[in-house]
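# this one's structure only:
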């Protein structure tokens, strides 16, 4: 199938997205968040740590962090230097430690130690932007507040010709127009898995890709036979 995103109507694009979703579900039936966590608090902390850092590195750091500070109350009372030492390898550790402690303090003071299930309340917390809030609401509470746009989602959405933007907020808005709301949460999880296993940034395995019939490979050129 030859796909020309420039000539594609919104209705045609929605149909193509539904076909893509079907293939992603077959390939990745269990769509799970890559960040290891056992509670909304842990996921929120892990997502804050994931900024400019791989999920693998975060998953190496969080067991020690959560063992020492298992609750918002414990983290709120922590010392800056103690948190910095634990998370040092994630990069930007001073700012992240400040955000983690500030997030915990705000949750204890303003939300009685409970993680809010509201986008506007979440983005007011230190270190929490719209992407982090969407991750938490979708993964922990099953609330499709938006489409999480990480580096994999941004790159693959452009390759698929679903957007031409590099701006995560614009990409999110454009994806929300064509991806059914009930699929928002799993769409991001599955594209992230796809980006790690098949649509790898430096060496995409297009010949093995289940999406190839619906992918114009924008920026990559025609597929060599």
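Nice, thanks for sending it over. Values in this document were obtained by computation on a predicted structure and should not be read as measured data.
# so which strand or helix has residue 138?
Element membership of residue 138, judged by DSSP states H and E, is helix 130-141.
# Ok, residue 114 next?
Going by DSSP H and E, residue 114 is not in any helix or strand.
# now residue 45
helix 40-49.
# Using the record's domain definitions, break this structure down for me.
Domain segmentation of the chain under automatic domain parsing yields 5-30+147-214, 40-141.
# Quick one: mean pLDDT over the helix holding residue 45.
For helix 40-49, mean pLDDT rounds to 98.
# thinking again about what came up before, any chance of the domains of the chain in a markdown table with mean neighbour count as columns?
(Each C-beta comes from the backbone N, C-alpha and C, glycine too.) What follows is the domains of the chain, written out as a markdown table (neighbours: other C-beta atoms under 10 Å):
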| stretch | mean neighbour count |
| --- | --- |
| domain 5-30+147-214 | 17 |
| domain 40-141 | 18 |
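# Ok, which of the ones you listed comes nearest residue 223?
When the domains of the chain are compared by C-beta to C-beta, domain 5-30+147-214 sits nearest residue 223, at 5.5 Å.
# what's the distance between residue 223 and residue 36?
Remark: distance between residue 223 and residue 36 (C-beta to C-beta, to the nearest Å) = 36 Å.
# the more surrounded of the two?
residue 36 (16 against 12; other C-beta atoms under 10 Å).
# what about the closest residue to that one other than its chain neighbours, helix or strand, and which?
Spatial nearest neighbour of residue 36, excluding adjacent residues (C-beta to C-beta, 6 or more residues apart in numbering): residue 59 at 4.8 Å. Using DSSP H and E, residue 59 falls within helix 55-68.
# after that helix comes which helix or strand?
helix 72-76.
# So which other helices or strands are in contact with that following helix?
helix 93-111 (3 or more C-beta pairs under 8 Å, 6 or more residues apart in numbering; DSSP states H and E).
# I'd like the average pLDDT over the helix it packs on.
Here the average pLDDT along helix 93-111 is 98.
# Give me the contacts around it.
41, 44-45, 48-49, 51, 69, 72-76, 78, 80, 83-84, 87, 90, 113-116, 121, 124-128 (C-beta atoms under 8 Å, 6 or more residues apart in numbering).
# now residue 140: how far from residue 31?
14 Å.
# Please apply the same query to residue 73.
Relative to residue 31, and taking C-beta to C-beta, residue 73 is found at 32 Å.
# Repeat that for residue 173.
22 Å.
# Apart from its chain neighbours, what residue comes closest to residue 44?
Excluding its sequence neighbours, the residue lying closest to residue 44 (C-beta to C-beta, 6+ apart) is residue 136, at 5.3 Å.
# Flag the shaky bits of the protein, pLDDT-wise.
1-2, 225 (pLDDT under 70).
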